[in-house]
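Q: would you be able to build a 3D model of this:
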Amino acid sequence: MLSFRAMKMAQRNLPLAWVAAVWLLQVAMAERPRWSLKGKPQVFMDLTPFEMKMVHKFLMDRKELELQPSEIPTLAKNSVYLMEMLLPRKKDVLDFLDRGKRSPVREARVVIFFGAQEHPNVTEFAVGPLPLPIYMREIAPLPEHHPSWASRPISKAEYRLIHQTLKKATEPLDEFFIDITNYSLKDCDQNCLTFTYVAPQGIKPGQRSSWFILQRYMAGHFLKPTGLQILLDHGSTDAQDWRVERVWYNGKLYNSPEELAQKYENGEVAAVVIVEPLAKDTEQPRLSPINVAEQHLPPYNIENNTVYYRDWVFSFRLQPSSGMQILNVHFQGVRIAYEVSVQEAVAQLGGHLPAGIQPKYMDVGWGPDRVTHQLVQGVDCPDTATFLEVIHHYDTDEPVSYPQALCLFEIPAGIPITRHFDSDLNSESSTRMKGRRLVLRTTSTVHHYDYTWDFIFYPDGAMETQMKASGLVQSAFYQPEEMNYFSQPRTHRFSNIHTHLVHYRIDLDVAGIKNSFQSLQIVGKNITKGLRHLVTRDTIKQTNYSRGHQAAFLFGKPLPNYLLFSNLHRSHHGHRNSYDLQIYSKVHRVELPGWQKKPGLSWARYPLAVTKYRDSERCSSSIYNQYNPWNPPVAFKNFIRNNTNIEDKDLVAWVTVGFHNIADSKVNLTTSENSAGFLLRPFDFFHGS
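A: From the prediction side, this is the model:
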């Protein structure tokens, strides 16, 4: 899977035997840790294409399931929607990795849409053992949190039916569309209309009614609103029963397309003709290549999905139902984290219009084929980076390859990791530590904005995550009421103010699974010096947290200066092995009480919450939460309600970071202004103590 540019250049002029010799020499020279997991990280591997095909065949052969291909354009069918590796219980994995016990059974998690039944439902199964499955068992959720049929994500088949329905429903508006935009949904060749739908669907559980924003289909169509928005009820499994509930145009609501068309013909509609020049942009965007000097031999190795880099060893997977997971993280042979992963990313848009009030895009609800894209060599990642393929089985009947979905590279940190200069050049106190870091990167695209996800590893044992957002603003049609919610990049369209929030899960195992959480706060203390002099000195206030409620920090109050996770055992210095969590976020208050109180988004209340590990609390969101945030299968608030003892326990930190975006005259958002993340750094961490 590795691609070494320097090696390839040398190979052009060398005989085959010499090529083999050069390759063996390079592998031998590559830095590796002084220890190895001896193939055991395979327990974290994603499903292979062969396993996916075997699972799909096994399910299709089960006659009682009555499965049909997912591509059939109907919702009244039973079909496989999602297939991914089901991570075994943590205890079983650690018994295998650390205690030499038997490897856990390898299973697949499968989501099936049962739309052909009298009472349609969504059910999840564990299928195994892999690679040749012989059984399936239902993954039973909590009774009150079973995913409902209305909470399922929108499949490709449903998208096609929605497009057909909107096309037919808006036939009375064909003349209207041509007059105001010169674009159409009917029999169009180049000047076609498209739509962007708004989530969640409806305003209460069980509803599946979506607002659709009509736009002109061209490069950057999010910037080309027509001013028309349509509310479609698509809750029935029979698309013939779907109907348009409302139509909004230029500040007014209409009961149907027919009503708008009739009033337009009667001259009762204040139509806005879009007359701006819309030259077709066929040129590719200008991309500036990233030229980062890297050694001829990258100082890392990849074996399947495990990376060996200097003193670091970790596994990774791009989970189709949530995002990037870093697993089994070791530094200098000591595990510091079992998992560091993305849980959810939310974009909350402000606005006064129907499709501006409702948007709360929860990105986990989107399929990877709509968010996973190929990274460009020399642009998204340095020329010398190693590019990795990802295979998903999501809303499809065959494994789908996403080439160059990940990249791995080492770059200069820009500053030495440690630096001290002494005027005595012969002194041992004059030290330098070369500043280099390893970056694992992927991207995701949802609607009009792009996320770049970086996981960064430093030679001093620090690990960092960075989320950066860029892309196009989402425009709405101008209305005077929108001035409180929008900035105005163009004459008749406005750009939404929006807030991005990302939730991470950090399963910290600092030198063992028994950790405690404490904070250090720098506070001023008044000290009397003599009879008349009062001075203030900085002191440290230490707080130990023994219960989950104590360690749930709400937005609106600053976090303590140091957030420490410490192992039960003490070092030879008398200190506990600790890692410090530093959170970098531009969101310090979340003034969104309406949607924030919904159980499906309850994690957004807390910049940090620390809980005891539970197998039932592996994720804070799900693919169903976007479509039913009122009663979702996963409600993070329940994790806090447990209020369990967290002293010397297996701890999980849940971190929320984000930023606000107020679009100015630019229509492009840049990564330089939109970033957030956190840093895990050693704090009294002694290897081998």
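Q: from here on, contacts and neighbour counts on C-alpha atoms
A: OK.
Q: can you name the helix or strand that I203 falls in?
A: Applying DSSP states H and E as the criterion places I203 outside every helix and strand.
Q: pretty sure M467 sits against D450.
A: No - in this structure, M467 is not within contact of D450 by Cα atoms under 8 Å, at 10.2 Å.
Q: so what's the residue nearest to S209 when sequence neighbours are not counted bridging to?
A: Nearest residue to S209, sequence neighbours excluded (Cα to Cα, 6 or more residues apart in numbering): D233, at 4.2 Å. Beta-bridge pairing for D233 (DSSP bridges): S209, R243.
Q: which pLDDT value goes with D233?
A: Per-residue pLDDT puts D233 at 96.
Q: contacts for stretch 102-119?
A: With contact meaning Cα atoms under 8 Å, 6 or more residues apart in numbering, stretch 102-119 is reached by 43, 47, 55, 75-88, 92-93, 95-96, 120-131, 237.
Q: and the strands in the stretch 1-150 of the chain?
A: 78-86, 107-114, 121-128, 135-138 (DSSP state E, counting those that start in this stretch).
Q: out of these, nearest to L318?
A: L318 lies closest, by Cα to Cα, to one member of these: strand 78-86, at 10.2 Å.
Q: pLDDT weak spots in the stretch 501-650 of the chain?
A: By pLDDT under 70, the low-scoring segments of the stretch 501-650 of the chain are 526-536, 571-574, 589-597.
Q: list the contacts of the nearest residue to P599 once chain neighbours are set aside.
A: Residue nearest to P599 in three dimensions, not counting chain neighbours: A635, with 5.1 Å by Cα to Cα, 6+ apart. Each residue near A635 by Cα under 8 Å, 6+ apart is listed here: P599, G600, L601, S602, S620, S621.
Q: quick one: which of those is nearest to P682?
A: S620 (26.4 Å).
Q: against T611, how distant is the closest one?
A: Look at S620 and T611: by Cα to Cα, to the nearest Å, they are 12 Å apart.
Q: just want to know which of these two has more residues nearby.
A: Applying other Cα atoms under 10 Å to S620 and T611 shows that T611 carries more neighbours, namely 26 against 23.
Q: do I have it right that the more buried one meets Q550?
A: No - counting by Cα under 8 Å, T611 stays clear of Q550, with 10.1 Å between them.
Q: intersection of neighbour lists for these two?
A: In contact with both T611 and Q550: no residue, using Cα under 8 Å, 6+ apart.
Q: any weak-confidence spans in the stretch 301-450 of the chain?
A: Using pLDDT under 70, the stretch 301-450 of the chain drops low at 349-361, 365-370, 414-434, 447-448.
Q: again, only this time at 90
A: Scanning the stretch 301-450 of the chain for pLDDT under 90 picks out 304, 320, 322, 345-374, 412-435, 444-450.
Q: now do the strands in it.
A: 306-309, 312-318, 324-331, 334-349, 360-362, 386-394, 400-412, 418-420, 431-433, 436-446, 449-457.
Q: now do the last one: which elements does it pack against?
A: Spelled out, it's strand 449-457. Judged by 3 or more Cα pairs under 8 Å, 6 or more residues apart in numbering; DSSP states H and E, strand 449-457 is in contact with strand 436-446, strand 463-472.
Q: make a markdown table from the ones you listed and add distance to Q325 and mean neighbour count to it.
A: What follows is the helices and strands packed on strand 449-457, written out as a markdown table (distance: least, Cα to Cα, whole Å; neighbours: other Cα atoms under 10 Å):
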| stretch | distance to Q325 | mean neighbour count |
| --- | --- | --- |
| strand 436-446 | 11 | 21 |
| strand 463-472 | 11 | 20 |
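Q: to Y249, which of the ones you listed lies closest?
A: strand 463-472 (23.1 Å).
Q: helices or strands next to that closest one in the packing?
A: strand 449-457, strand 668-669, strand 675-683.
Q: adding mean neighbour count and distance to N561, write those strands out as a markdown table.
A: Shown next, in a markdown table, are the helices and strands packed on strand 463-472 (neighbours: other Cα atoms under 10 Å; distance: least, Cα to Cα, whole Å):
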| stretch | mean neighbour count | distance to N561 |
| --- | --- | --- |
| strand 449-457 | 20 | 22 |
| strand 668-669 | 18 | 31 |
| strand 675-683 | 21 | 13 |
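Q: follow-up on the earlier one: who wins for neighbours among the contacts of A635?
A: Of the contacts of A635, with other Cα under 10 Å as the count, S621 tops at 29 neighbours.
Q: contacts for stretch 152-164 next, please.
A: With Cα under 8 Å, 6+ apart as the criterion, stretch 152-164 contacts 70-75, 81, 122, 234, 239, 365-366, 395, 623-624, 627.
Q: switch to 10 Å and redo it
A: 70-75, 81, 113, 121-122, 165, 167-169, 185, 194-195, 208, 232-234, 237-240, 242, 364-367, 394-396, 623-628 (Cα atoms under 10 Å, 6 or more residues apart in numbering).
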